[in-house]
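Q: With the sequence up front, the predicted model follows.
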Amino acid sequence: MNFDEELRRKTEETERLLAGFLPEAQGYQRQVIEAMNYSVTAGGKRLRPMLMAESAALFADPGSAAMLPAYMAAIEMIHTYSLVHDDLPAMDNDEYRRGRKTTHMVYGEGMAVLAGDGLLNLAFETAAGALEQARSVEDYRRGSAALRILGNKAGIYGMIGGQCADLEAERASQELTEEALLFIHAHKTAALIQAAMTIGAVLAGADKGGVDRLERCACNIGIAFQIQDDILDVTGSQEVLGKPIGSDERNHKLTYVTMHGMEESAREVERLSREAVEILASFDRRNPFLEELVRALIGREK
């Protein structure tokens, strides 16, 4: 397997899939739809929909899960909405994302808020619509379970909860503890990765044990991904990353790197990555591409 070629092919497939679920910009709501589509089509790794499809492949032929494409699109919409809102002046106040101007810089703050809201609502409309593809009671049960996972991991007990804790940590006068920092990473970043991998497994018919193992694996991936992101915020460049560096320092954010130093942070990324790949390798049906994808994403330079 040529990993780079396979990754490029799968990324292009995911891009085409997403394009099929985006609304046409027309009518009095044209501007918000343009802002939504601008945000989604800004590029990116397409990590979450790809992880969903590859996790499904651990348990069955992905083609057997008719609802999978809609959920792949839905989770990328939710991820994109979170970035649109994260870039707002009230949050991180970033001007660049994925190498081009952020949504609020192009369309204004108000329209960026609406674009994020629109993507979140469209995500659940898309996921709920997938239930129409159910061919049996069991298919419907799986789709319903997937919908609950999506709502939970994107909501107050998942990503939004992590973002809340992050904002509170910035405002608090007392020093951020490691426990609180890991809570933020596990919820703000890892929760959507957990949603992607467990939804893929559920739609492909995995049992509870398999879903639980993937949830642990995804937690490792998410925390390692965030620590690596913190490392790159110190060592990377805007030209490579496509977004400003040093924002954590400017915003006086305490990160794993500032708490533990660069060397220990790198060792923790390696440990979490190794454990995640070991979990993936423990399944009866191996997915070499997924294992390599996890290594590449966690050890990335952009």
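A: Okay, I see it. Residues are numbered from 1 along each chain as shown.
Q: Let's verify the nearest residue to residue 187 once chain neighbours are set aside: helix, strand, or coil?
A: In this structure, residue 187 finds its nearest non-sequential neighbour in residue 162, 2.9 Å apart by Cβ to Cβ, 6 or more residues apart in numbering. For glycine as for every other residue, the C-beta is placed from the backbone atoms N, C-alpha and C. Under DSSP: H, G, I helix; E, B strand; the rest coil, the three-state class of residue 162 is helix.
Q: can you offset everything so residue one is 246?
A: Yep, numbering from 246; the last one is residue 407 now.
Q: most residues in a single helix of this structure, which one?
A: helix 453-480 (DSSP state H).
Q: Enumerate the positions of it that are buried.
A: Buried residues in helix 453-480, defined by neighbour count with 16 or more other Cβ atoms under 10 Å: 455-456, 458-460, 462-478.
Q: which residues does the residue nearest to residue 432 contact?
A: By Cβ atoms under 8 Å, 6 or more residues apart in numbering, the residues touching residue 407 are 428-434, 436.
Q: Would you format those residues as JSON lines with pLDDT, distance to residue 312 and secondary structure included?
A: Converted to JSON lines, the contacts of residue 407 look like this (pLDDT from 0 to 100; distance: Cβ to Cβ, whole Å; DSSP: H, G, I helix; E, B strand; the rest coil):
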{"residue": "428", "pLDDT": "95", "distance to residue 312": "31", "secondary structure": "helix"}
{"residue": "429", "pLDDT": "94", "distance to residue 312": "31", "secondary structure": "helix"}
{"residue": "430", "pLDDT": "94", "distance to residue 312": "30", "secondary structure": "helix"}
{"residue": "431", "pLDDT": "95", "distance to residue 312": "27", "secondary structure": "helix"}
{"residue": "432", "pLDDT": "96", "distance to residue 312": "26", "secondary structure": "helix"}
{"residue": "433", "pLDDT": "94", "distance to residue 312": "27", "secondary structure": "helix"}
{"residue": "434", "pLDDT": "94", "distance to residue 312": "25", "secondary structure": "helix"}
{"residue": "436", "pLDDT": "98", "distance to residue 312": "21", "secondary structure": "helix"}
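Q: which of the residues you listed lies closest to residue 450?
A: Residue 450 lies nearest to residue 436 out of the contacts of residue 407, by Cβ to Cβ, at 23.1 Å.
Q: Kindly tell me how buried the closest residue to the closest one other than its chain neighbours is, as a neighbour count.
A: Excluding its sequence neighbours, the residue lying closest to residue 436 (Cβ to Cβ, 6+ apart) is residue 403, at 3.6 Å. For residue 403, the tally of surrounding residues (other Cβ atoms under 10 Å) stands at 22.
Q: wait, doesn't residue 403 sit right on residue 441?
A: No. Contact criterion Cβ atoms under 8 Å: residue 403 and residue 441 do not qualify, at 11.9 Å.
Q: which residues in the chain form strands?
A: 341-342, 345-346 (DSSP state E).
Q: Pull the distance from the last one to the chain's centre.
A: Translated: strand 345-346. In terms of Cα atoms, centre = their mean, to the nearest Å, the centre of strand 345-346 is set 20 Å apart from its chain centre.
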